[in-house]
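**Q** Here's a sequence, model it:
(chains A and B)
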2 protein chains.
Amino acid sequence: MIEPSLPSDREPIADAARSVGVFTEEEIRTIYELFDDYVRDLASGYNFLTFRDDGQVLGFACWGPTPLTEGTHDLYWICAHQTALGKGVGAVLFQRVEEECREVGGRLLVIWTSSAKGYETARRFYARMGCAQDGRIRDFYTPGEDLLVFSKRL
Amino acid sequence: MIEPSLPSDREPIADAARSVGVFTEEEIRTIYELFDDYVRDLASGYNFLTFRDDGQVLGFACWGPTPLTEGTHDLYWICAHQTALGKGVGAVLFQRVEEECREVGGRLLVIWTSSAKGYETARRFYARMGCAQDGRIRDFYTPGEDLLVFSKRL
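**A** Numbering: from 1, shown residues only, chains lettered A, B, ... in the order given. Purely as a prediction, here's the structure:
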């Protein structure tokens, strides 16, 4: 059900991200950029996994080794399609990312997210997955929207 | 004395960074990469300033707008040559970066640094420049070496 994303998952992945309703078009463009890097170059540092059910893309995750660290990985994106919420897609993806990181010697998974209201579900999700909040930079994204840093030991 | 870096500052800037004695060769390579991006493309998002005295490069700073934010800037590097320590090169560079950020609507300057012993001088410097510590991710760089996040409102 979970496998490395195929090049043809490009649009379904962007659709899944759009369906959540919180990402800006600039953020969606970032997904395309990371995805294109991943497809073009296996050593790009970006890994994508697709959660597929009956041929449908229900979610995806994107992560990679954090530059200039030893054994730390960034979870850049993790996302379930709006129509698949509550089915545990995110949790299964998260656990798979943890496994894949461990397999390459990963010690720590780090997640950078926003304090905005639209990300409340995501924040609760990270806490449920066992992540701790390590810091907050006030007004990082925009005035009133903070950066929150979560991490999980692997 | 402070001006946008010239392409010919590439090696003197790397020398200044090496003279500090705390950066790994991988980190020095990162400086070359950012510098080459800066020289190649003014819209690269990386800006370099050189502190020059009597033709000698005594220090440099590199910063740029933080992707996906409005008005936040990253101070990627700030460095005085070992032979110029205690002359206020860093402080003057820091203030100039603050000014340049403000000029383009910057609200917040963010610095990501290490908890390692070799960075103690840097940490004291950021505190002296009025930065607050916003977070710490334990074991981020290597086991025992944490990421510290500082920021300053502009």
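
**Q** Remind me which helix or strand the residue in chain A that chain B sits nearest to belongs to.
**A** Relative to chain B, the nearest point of chain A is residue A:135 (1.7 Å; Cβ to the nearest Cβ). Bear in mind the C-beta positions are built from the backbone N, C-alpha and C, glycine included. Residue A:135 is part of strand A:132-142, with elements assigned from DSSP states H and E.

**Q** Run through who's touching that strand.
**A** Strand A:132-142 has contacts (Cβ atoms under 8 Å, 6 or more residues apart in numbering or on different chains) with A:114-116, A:127, A:145-152, B:66, B:68-72, B:107-108, B:110, B:134-138, B:149, B:151, B:153.

**Q** tell me which parts of chain A are close to chain B?
**A** A:26-27, A:30, A:66-72, A:107-108, A:110, A:134-143, A:149, A:151, A:153 (Cβ under 8 Å from any Cβ of the partner chain).

**Q** if you set the cut-off to 10 Å instead, what comes out?
**A** Taking Cβ under 10 Å from any Cβ of the partner chain, the part of chain A that reaches chain B is made up of A:23-24, A:26-27, A:30, A:66-72, A:107-108, A:110, A:112, A:114, A:132-143, A:145-151, A:153.

**Q** Which residue comes closest to residue A:5 once chain neighbours are left out?
**A** Excluding the flanking residues, the one nearest residue A:5 by Cβ to Cβ, 6 or more residues apart in numbering or on different chains is residue A:48, at 3.7 Å.

**Q** Report pLDDT for residue A:86.
**A** Residue A:86 is assigned 86 on the pLDDT scale.

**Q** nope, residue A:26 is what I meant
**A** Value for residue A:26, per-residue pLDDT: 89.

**Q** Just the buried ones from the contacts of strand A:132-142?
**A** A:114-116, A:145-152, B:66, B:68-72, B:107-108, B:110, B:134-135, B:137, B:149, B:151 (16 or more other Cβ atoms under 10 Å in any protein chain shown).

**Q** contacting residues for residue A:119?
**A** By Cβ atoms under 10 Å, 6 or more residues apart in numbering or on different chains, residue A:119 lies in contact with A:20, A:22, A:23, A:113, A:125, A:126, A:145, A:148.

**Q** change it to 8 Å
**A** Residue A:119 makes contacts with A:22, A:113, as judged by Cβ under 8 Å, 6+ apart.

**Q** got it, and the one 4 residues further on?
**A** With contact taken as Cβ under 8 Å, 6+ apart, residue A:123 is in contact with A:113, A:148, A:150.

**Q** and what of residue A:19?
**A** So residue A:19 contacts A:81, A:82, A:83 (Cβ under 8 Å, 6+ apart).

**Q** Compare these and tell me which is most surrounded.
**A** Highest neighbour count within these, by other Cβ atoms under 10 Å in any protein chain shown: residue A:81, with 23 neighbours.

**Q** Now do that residue, the pLDDT please.
**A** Reported pLDDT for residue A:81: 96.

**Q** And it, its phi and psi?
**A** phi -60, psi 140 (degrees, to the nearest 10).

**Q** do residue A:85 as well
**A** Phi and psi for residue A:85, reported as degrees, to the nearest 10, are phi -60, psi 150.

**Q** quick revisit: so what angle separates the directions of the strand holding residue A:135 and strand B:132-142?
**A** On the basis of axes from the mean of the first three to the mean of the last three Cα atoms, to 10 degrees, strand A:132-142 is oriented at 120 degrees to strand B:132-142.

**Q** Downstream of strand A:132-142, the next helix or strand is which one?
**A** Taking DSSP H and E, what comes next after strand A:132-142 is strand A:145-153.

**Q** could you give the mean pLDDT of that next one?
**A** 96.

**Q** Give me the distance from it to the chain's centre.
**A** 13 Å (Cα atoms, centre = their mean, to the nearest Å).
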